[in-house]
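Asker: this one's structure only:
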């Protein structure tokens, strides 16, 4: 079993804004630049990056925490779903996102580990900076 992927980033935003970037389909797509369809209900399905990643919501605590099953389209049928836990909190200068991603198969561990900064954190930073300028 691969170790959990743990990443923490701070953004110039509020916890509520970061939660919405993750859970609002339109904002998620705008921030990442890829289509997303996300249920806002526990048990509801979600898909992002044009269906390349998908799963179900397990627990949603508005503006504070998201727990989801998570898998990528190219994973083997025998690969179990991974579990994603994302927590949002106030931090100096804005808000912190703390991600814990467990159960990622070994064959995609590096890709998923590098994917969060590339497809989320860097893009969120750009999106938030652009939205602050009113563009």
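Answerer: Arrived safely. Keep in mind the model is a prediction, meaning the values are calculated, not measured.

Asker: Show the contacting residues for the spatially most central residue of the chain.
Answerer: Compute the mean C-alpha point of the chain, and by C-alpha atoms, centre = their mean the closest residue is residue 22, 5.7 Å away. By C-beta atoms under 8 Å, 6 or more residues apart in numbering, the contact set of residue 22 is 28, 38, 66, 86. In this view, the C-beta of every residue, glycine as well, is placed from N, C-alpha and C.

Asker: Quick one: name whatever helix or strand follows the strand or helix carrying it.
Answerer: Using DSSP states H and E, residue 22 maps to helix 15-23. Where DSSP H and E defines the elements, the next helix or strand beyond helix 15-23 is helix 25-32.

Asker: and the direction of that following helix versus that of helix 15-23, what angle?
Answerer: Relative orientation of helix 25-32 versus helix 15-23 (axes from the mean of the first three to the mean of the last three C-alpha atoms, to 10 degrees): 90 degrees.

Asker: Can you give the contact residues for helix 25-32?
Answerer: So helix 25-32 is contacted by 20-22, 35-38, 48-49, 119-120, 123-124, 127-128 (C-beta under 8 Å, 6+ apart).

Asker: Which ones among those residues map onto helices?
Answerer: If you go by DSSP state H, the contacts of helix 25-32 have 20-22, 123-124, 127-128 in helices.

Asker: and the two most separated of these?
Answerer: Based on C-beta to C-beta, the longest span within the ones in helices among the contacts of helix 25-32 runs between 20 and 123 and measures 14.9 Å.

Asker: Report the separation between residue 71 and residue 52.
Answerer: As for residue 71, its distance to residue 52 is 10 Å (criterion: C-beta to C-beta, to the nearest Å).

Asker: Looking at the two, which one has more neighbours?
Answerer: residue 71 (18 against 14; other C-beta atoms under 10 Å).
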